[in-house]
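Novice: Quick one, what's the 3D model for this:
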Amino acid sequence: MTKIPNNKTGKMKTEIIITGFGGQGIVLAGFILGKAAAIGDKMESTLIQSYGPESRGGSCSAQVVISSATIHYPYVTTPDILVCMSQSGYDKLGPQMKKNGILIIDQDLVRPSRKTPGDFFSIPSSRMAEEMGRVMMANIIMLGFFTAVTNVISMDAAQRSVLESVPKGTEELNLKAFGKGSDYGRAVLKGRQKKAAGQTGAMA
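Specialist: The predicted structure follows:
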């Protein structure tokens, strides 16, 4: 799904929520995403962030709207794409997804309790970050995966936005984390294509 068209105007618009808990870099991921869309891909974008009672460990989310036209309302109630890095975030926002939407989860932190109404992707982003010795980069790994499987923003714009947005001195490590996520996403898509081709061959 790429830049979902608004049925009334024909313009392209995608509403995204990234959710998790404080300390995971959820808002930073949303900021990088919106910046990539606005500066790199020359789209319109907005970011709304929210936190639970505690800044670290409490609930946290970033609402990002990306559009080819002016965005008049920045809040997201029924996301086209929902990215969950915590079980509580999934439990709260999962039922709000659009029927043809995309759900993306950290597979070690989220256990879907219902059938996904649209498409579904998962990645062990936190585990991959731990294996890098950089647990705080799970958000960047997830962002790389998101970019690869949704194509909502371009890969070049996302990479530039990562480099310009992360703390000085960590640029290359974060770019490596982004690459791990995007490579995992490409592998998932390739596996789907092979499976679909195999099914088509079996039916022929």
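
Novice: Which of the residues in the helix ranked longest in the chain are classified as buried?
Specialist: Criterion DSSP state H: the longest helix present in the chain is helix 171-203. Within helix 171-203, the residues scored as buried using 16 or more other Cβ atoms under 10 Å are Leu173, Asn174, Leu175, Ala177, Phe178, Gly179, Lys180, Gly181, Ser182, Tyr184, Gly185, Val188. All C-beta atoms are positioned from the backbone trio N, CA, C, and that covers glycine.

Novice: now for it, which elements pack on it?
Specialist: strand 119-123, helix 125-132, helix 138-150, helix 155-165 (3 or more Cβ pairs under 8 Å, 6 or more residues apart in numbering; DSSP states H and E).

Novice: How about the contacts made by Gln63?
Specialist: Gln63 makes contact with 15-17, 30, 46-50, 74-76, 79 under the criterion Cβ atoms under 8 Å, 6 or more residues apart in numbering.

Novice: Give the bridge partners for it, please.
Specialist: Using DSSP bridges, the bridge partners assigned to Gln63 are Ile17, Ile48.

Novice: Nearest to Ser125 among the contacts of Gln63?
Specialist: Nearest to Ser125 among these is Gly30, at 15.2 Å by Cβ to Cβ.

Novice: Output the below-cut-off pLDDT ranges for this structure.
Specialist: 1-11, 52-57, 200-204 (pLDDT under 70).

Novice: 80 instead, please
Specialist: 1-11, 51-58, 114, 116-117, 199-204 (pLDDT under 80).

Novice: isn't Lys27 right up against Cys60?
Specialist: Actually, residue 27 is Val rather than Lys. Yes. Between Val27 and Cys60 there is a contact under Cβ atoms under 8 Å: 6.7 Å.

Novice: So for these two, which sits in the more crowded spot?
Specialist: Cys60 (26 against 20; other Cβ atoms under 10 Å).

Novice: and the strand or helix carrying that one with helix 138-150, angle?
Specialist: Assigned by DSSP states H and E, Cys60 belongs to strand 59-67. On the basis of axes from the mean of the first three to the mean of the last three Cα atoms, to 10 degrees, strand 59-67 is oriented at 40 degrees to helix 138-150.
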